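Engineer: one predicted model, sequence on top.
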Amino acid sequence: MYQEMIVMGHVANEPKIQYGADGTASCEFDVKVVKEWKNNNKEMLRSEQWFRIRAVRGLAETLAAALHPNLPVLVVGEISVTAEQAAKGEKPVARMHIRAQSVIVVEGAAGASVSKIDTSGFGASESKAPKTAWEDAF
């Protein structure tokens with residue numbers, strides 16, 4: 001079985017790239033999705049959701065070089081949810097992680113045009129590559 005998620009939001013922080021002992025690149029950054037609407041009383045309401053995005057190999061290096069905070073992006077990838085320990089007396093926190101398969105930079109206020117970050121070579125053959133310990137973590 002396989003599932004896929006699409007998220008459109010803004011890059012919230014500088015992408016962080018690191019390299020495993022075997023030289024495999026991995027990159028992480030957050031995407032913030034904001035939804036605003038008016039309720040029946042015409043009051044403006046706002047909701048924020050945060051997603052931790054992870055990419056590996058060549059895509060990780062490309063994203064680390066191309067992305068910056070506040071850049072609007074559309075991310076396609078596989079989602080997983082993890083629970084994180086909370087401080088004593090607080091509720092546990094669930095964090096959504098997305099392993100990016102492709103990332104599209106959305107240009108223009110209304111998303112009039114998009115430019116896809118080059119992900120060529122990251123199709124089916126990537127899924128057959130041996131996994132690193134980092135990748136097995138989610």
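Structural biologist: Nice, thanks for sending it over.

Engineer: return the helix or strand in this structure with minimum mean pLDDT.
Structural biologist: Using mean pLDDT, DSSP states H and E, helix 124-127 stands out as the lowest-scoring helix or strand of the chain, at a mean of 37.

Engineer: can you pull the pLDDT of Ser80?
Structural biologist: pLDDT for Ser80: 86.

Engineer: who touches it in this structure?
Structural biologist: Listed by C-beta atoms under 8 Å, 6 or more residues apart in numbering, the contact partners of Ser80 are Met96, His97, Ile98, Arg99, Phe138. Every C-beta, even on glycine, is put in place using the N, C-alpha and C of the backbone.

Engineer: quickly find the element holding it.
Structural biologist: Assigned by DSSP states H and E, Ser80 belongs to strand 72-84.

Engineer: what of Ile104?
Structural biologist: strand 93-107.

Engineer: by neighbours, which of the contacts of Ser80 wins?
Structural biologist: Greatest neighbour count in the contacts of Ser80, by other C-beta atoms under 10 Å, goes to Ile98: 22 neighbours.

Engineer: geometric centre of the chain: which residue is closest?
Structural biologist: Ile53 (2.5 Å; C-alpha atoms, centre = their mean).
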